[in-house]
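**Student:** what follows is a predicted protein model with its sequence.
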Amino acid sequence: MATGKCKIGDTVFATAKNVLNSDVVMAAFPICWQVVEIRGTVLRHGSGRKWVVGWDLGLFSVKKEHGSRSLHVVRPIPGALLNAQNPGGPVVAAVPDTPPTSDDDMDESDADSIDYSGNVPDTEQTPEPEGIPDDTNPLLVNDLCWVHEKDGVPQCWRESVGKGNHRPHVMFPSSMRLDAVGQRTILDYFLAMFPDLIEEICTWTSAELAKDSNASVRHVLTPHELLKFFGLMIAMTRNPQRARKNYWRTQDNKLHPPPAFGARHGMSRARFDAIMASITLHPATVDPTDPWHQVRTFVNAFNARRKQTFYPGTHICVDESSSKWTGMGDWYGPGMPHITKCARKPWNLACEFKDSICAMSQVMLAVEICEGKDAQHAPTEFVDESTGFKKGTAMVGRLTKNWHGTGRTVVADSYFASVFTAVFLLKTCGLYFTGLVKTASKFYPKQWCNTVEMTARGQTRTAVAIKQGVQMMAHTWNDPGKVGKPRKNLISTCGSTGAAPEASRPRKRQRDDGAWEDWFRLVPRTNVVKHYFDWAGAIDRHNRQRMDGLRIEHTLEFHRWWLRVFTSFLGVIVVDTVNAWNLEQEAMSDHDAYEQLAFQLINNRLRGAPESVETGIIGRGVSREEWQGTFSRELFGDRMVLRPIAEEDREESKLLHEVLPLRSLPKYAAMKNAKLNCRVCKEQTATVYCKTCGINEHSQLLALCLPGTGKQCLSLHCQT
């Protein structure tokens, strides 16, 4: 490095504010404009003894004349580059891309034809050899300079600009009103999660049912019957049978009681099979040349419904899921248009779809089916120069599109994580990013992360860089810290490297006496590491709920691929319903939630429900008018209250039991979801109490369950 005489083609550097106008520097580097060092190339002779220099400002370039004494000439030093975008970085050297060796190698016309836009081609290329960054030798990776930060990043960049947190919650449509005592049922959550296509699916399916040769099953499908159909599918997963016909068995096999779905739930096997054979998820006007037209309308409606009814938290996880397909493959029809084969997956033959999820609540936000490499109808939004034509980066943009500009944080695994994704999300989408880098390492100092010296398990090293105005960190975590085992390499535009609570790993070990004992391995970690591993597994946990808990793909087998995809989406909706319920209401186990949801779906009161109320809702079969006559409706404040009337006094409408919500009491007024143990079923699901009967000898309210929970507690109490 020298200050003095220049020649054409030399690489020079200087403090930006010393050689350019402040307005130009602030436009290029709004955060670090006062200290940033920039790189330039000597293009040609200027006026007098001056030289014309092309300065690279990242997003654009500037040409300006300078005297040779104000320029610092860079002599070739292998593996080093000017930290043109590092705020407050040290004075460093740079190596020009194939520098000329003499004035004869480049004349003025050649210099004028060079592209000094600062844009680096995004096509894949062999990574340049990496050096070892330190205070005097920054690391160059494909023309992006990384500088080692010995003290790490003490403050989260997202927090430094005032981005707050978001609380996830369900946004119920105005048409879905609360019940008489201001409560929601798990069926309400299912209707909020299900695409707004119930009436349309009934219309499309009814048109197919009309073609059935069996006159007894081709009548019009109603929303009540459609939801009952879904409820029976969920009920099948709770008590699996060897064959579907066994669910309608009425004879005791001396080992298990008969399921008797027909007598118990009011839908014959012939009607169930007819709906299953005719169910249609798209209008007749869809493009038949689209190989995915049977499910595309439903998937689009699913994504639109999530935008309408669910508000996600601060962290959004992007990953992949799959729909089990072991039937007909794509080599003979009617097979799935595209299947993914991956030996390391639980289902190595499946329809794969990429998805995004609210990491805190584990409610799915958006889904995109993987249609194949050369799919004609595959989405291409964001596949342009802004993403470097990277399909994985563009896919992250589409899966988070509904929440662009909100300052949330996207967490993703190595399929999506790259420098391209980090830059695109913050610069174009207004979202922060944290991801695990494995193969997509262009511009990323992967070699340095894997070789930098770290002796103890849990140690970390950090390098920072700025690309297109986006500040990012490369953070490597020495875990597991064994020879031959890869470290965890992260790329992030948020988070800090301050100490976080240690990671606790459960282990077993054998003592000297031969007995085994449990112990926990504690591994030090930083906040950015904790941030990633806390939220990156959200979709994996959701998949386990659906595949291993609900087991809808295991229970229901099909020979038509679109039914397999649809039932997988139904499983996603059911899991989302349970997770949303547990987020806002009193949590219950997944198994109990599935059973309660199935019961309420089977006994729903949507359009088309029969005049006879199903056995089990109020304890016996009665007409709708008779059931409504067992309650009087009165206003309590701004809410309608049901007051049960004793059977023998209905004609006079004499009030014997006055039932009020628990929240009407001052003690429970401030509670969001006040519940007590029911005095009939003894479970903590009671939301109302009987004011007439008062308090028992133990100073306890006589709390009761409402009929909406599927229990008979209120009816039984009113009969006493």
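**Tutor:** Yep, that arrived.

**Student:** list phi and psi for the residue nearest to the spatial centre of the chain.
**Tutor:** Among the residues of the chain, the one closest to the centroid is Ile357, at 1.6 Å (C-alpha atoms, centre = their mean). Phi and psi for Ile357, reported as degrees, to the nearest 10, are phi -140, psi 150.

**Student:** test my guess that it contacts Cys317.
**Tutor:** Yes. Contact criterion C-beta atoms under 8 Å: Ile357 and Cys317 qualify, at 5.1 Å. Yep, even glycine has a C-beta here, placed from its N, CA and C like the rest.

**Student:** picking up where we left off before, please name the bridge partners of the residue nearest to the centre of the chain.
**Tutor:** Assessed by DSSP bridges, Ile357 has beta-bridge partners Cys317, Met364.

**Student:** what's the neighbour count on Asn142?
**Tutor:** Residues lying near Asn142 (other C-beta atoms under 10 Å) number 16.

**Student:** wait, it sits on Lys442?
**Tutor:** Yes. Asn142 lies in contact with Lys442 (C-beta under 8 Å); the separation is 5.8 Å.

**Student:** overlap in contacts of Ile357 and Cys317?
**Tutor:** The overlap between the contact sets of Ile357 and Cys317 (C-beta atoms under 8 Å, 6 or more residues apart in numbering) consists of 538-539.

**Student:** count the residues that sit near the nearest residue to Gly67 once chain neighbours are set aside.
**Tutor:** In space, and not counting its chain neighbours, Gly67 is closest to Lys50: 5.6 Å by C-beta to C-beta, 6 or more residues apart in numbering. Using other C-beta under 10 Å, Lys50 has 15 neighbouring residues.

**Student:** the stretch 51-200 of the chain: helices as residue ranges?
**Tutor:** 108-112, 157-160, 186-193, 198-209 (DSSP state H, counting those that start in this stretch).

**Student:** who wins for proximity to Tyr668 among those helices?
**Tutor:** Among these, the nearest to Tyr668 by C-beta to C-beta is helix 186-193 (21.2 Å).

**Student:** packing partners of that closest one?
**Tutor:** Where contact means 3 or more C-beta pairs under 8 Å, 6 or more residues apart in numbering; DSSP states H and E, helix 186-193 is packed against helix 293-309, helix 561-584, helix 590-602.

**Student:** start and end of stretch 149-161, how far apart?
**Tutor:** 21 Å (C-alpha to C-alpha, to the nearest Å).

**Student:** before we move on, what about stretch 240-247?
**Tutor:** OK, stretch 240-247 end separation, C-alpha to C-alpha: 9 Å.

**Student:** what does stretch 163-182 give?
**Tutor:** Here the two ends of stretch 163-182 are set 34 Å apart, with distance taken as C-alpha to C-alpha.

**Student:** gap between that stretch and the chain center?
**Tutor:** 19 Å (C-alpha atoms, centre = their mean, to the nearest Å).

**Student:** domain parsing for this structure?
**Tutor:** Following automatic domain parsing, one gets these domains for the chain: 2-119, 624-718.

**Student:** and the average pLDDT for the last one is what?
**Tutor:** In other words, domain 624-718. Averaged across domain 624-718, the pLDDT comes to 65.

**Student:** repeat for stretch 532-543
**Tutor:** 95.

**Student:** and stretch 50-66, how far from the chain's centre?
**Tutor:** Worked out by C-alpha atoms, centre = their mean, stretch 50-66 lies 44 Å from the chain centre.

**Student:** list the contacts of stretch 582-598.
**Tutor:** Contacts of stretch 582-598 (C-beta under 8 Å, 6+ apart): 168-170, 184, 186-187, 190, 231-232, 234-235, 237-238, 361, 363, 545, 549-550, 574, 577-578, 581, 673, 675, 684-685, 709-710.
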